[in-house]
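1. sequence first, then the predicted structure, then my questions.
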Amino acid sequence: MKITEYAKTAHDELPRLKDIFFAGGCFWGTEHYFKQIEGVVDTEVGFANGHTADPSYKEVYTDTTGYAETVYVKYNPDVVSLEFLLQMFFKAIDPTSLNKQGHDEGTRYRTGVYYTDEGDLSIIEKVFAEEQKLYEQPLAVEKCPLQNFYSAEEYHQDYLDKNPRGYCHLPESLFEFARNAKEK
């Protein structure tokens, strides 16, 4: 994973940061979406919860590695809560679609929330339960501990910043929504 330098606070201390991993279809748009949310301090695209070592994009694309295109999100919980990030995640996906988001299909495009802190599970469960109430069919979103994460190749990182007119399954209006979203 890349390391980002963080500005020191007025008390000359680094902020306490947390992480969470979101699989929301194509990782280009999912990363760009989360980068718009206040309190998200770093993102990185890669592959999570598969069964091969150090996969390439080309290998993951075959749908034989078990990996999901995933965005690593590092956030400042003093600015944005995990609950809010999860609520925002559900606004960017079709949570009842199995292995498909937009025009992208395959197990690599499945949706999921992968956590590294067991203490986050109760919050994840709460938001999933609230979301389930909105649908008759069961949610097709994984929620499980992060087993592994491998960074995608450099050209995938910050893809939509480098290629503003690049392919994205998410509408531009959703990025604007994320930029303006505020936790209540």
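-> Perfect, I can see it now.
2. the residue nearest the centre of the chain sits in which helix or strand?
-> The residue lying closest to the centre of the chain (Cα atoms, centre = their mean) is residue 22, at 2.6 Å. Taking DSSP states H and E as the definition, residue 22 sits inside strand 18-24.
3. just the strands in this protein please.
-> All strands of the chain, identified by DSSP state E, fall at 18-24, 40-48, 68-75, 100-101, 104-105, 111-115, 141-145, 149-151.
4. could those strands go into JSON lines alongside mean pLDDT and distance to residue 123?
-> Yep, even glycine has a C-beta here, placed from its N, CA and C like the rest. JSON lines is the format used below for these (pLDDT from 0 to 100; distance: least, Cβ to Cβ, whole Å):
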{"stretch": "strand 18-24", "mean pLDDT": "98", "distance to residue 123": "10"}
{"stretch": "strand 40-48", "mean pLDDT": "98", "distance to residue 123": "17"}
{"stretch": "strand 68-75", "mean pLDDT": "98", "distance to residue 123": "13"}
{"stretch": "strand 100-101", "mean pLDDT": "97", "distance to residue 123": "23"}
{"stretch": "strand 104-105", "mean pLDDT": "96", "distance to residue 123": "28"}
{"stretch": "strand 111-115", "mean pLDDT": "98", "distance to residue 123": "9"}
{"stretch": "strand 141-145", "mean pLDDT": "98", "distance to residue 123": "11"}
{"stretch": "strand 149-151", "mean pLDDT": "98", "distance to residue 123": "20"}
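5. make TSV out of those and add distance to residue 180.
-> Putting the strands of the chain into TSV (distance: least, Cβ to Cβ, whole Å) gives the following:
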stretch	distance to residue 180
strand 18-24	19
strand 40-48	14
strand 68-75	17
strand 100-101	23
strand 104-105	26
strand 111-115	23
strand 141-145	25
strand 149-151	29
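6. which among the ones you listed is found nearest to residue 178?
-> Of all these, strand 40-48 sits nearest to residue 178, with 9.2 Å by Cβ to Cβ.
7. for the closest one, packing partners?
-> On a contact count with 3 or more Cβ pairs under 8 Å, 6 or more residues apart in numbering; DSSP states H and E, strand 40-48 meets helix 27-35, strand 68-75, strand 149-151.
8. which other helices and strands contact the helix ranked longest in the chain?
-> Longest helix in the chain by number of residues, with DSSP state H as the criterion: helix 121-132. Helices and strands touching helix 121-132, by 3+ Cβ pairs under 8 Å, 6+ apart, are helix 82-91, strand 111-115, strand 141-145.
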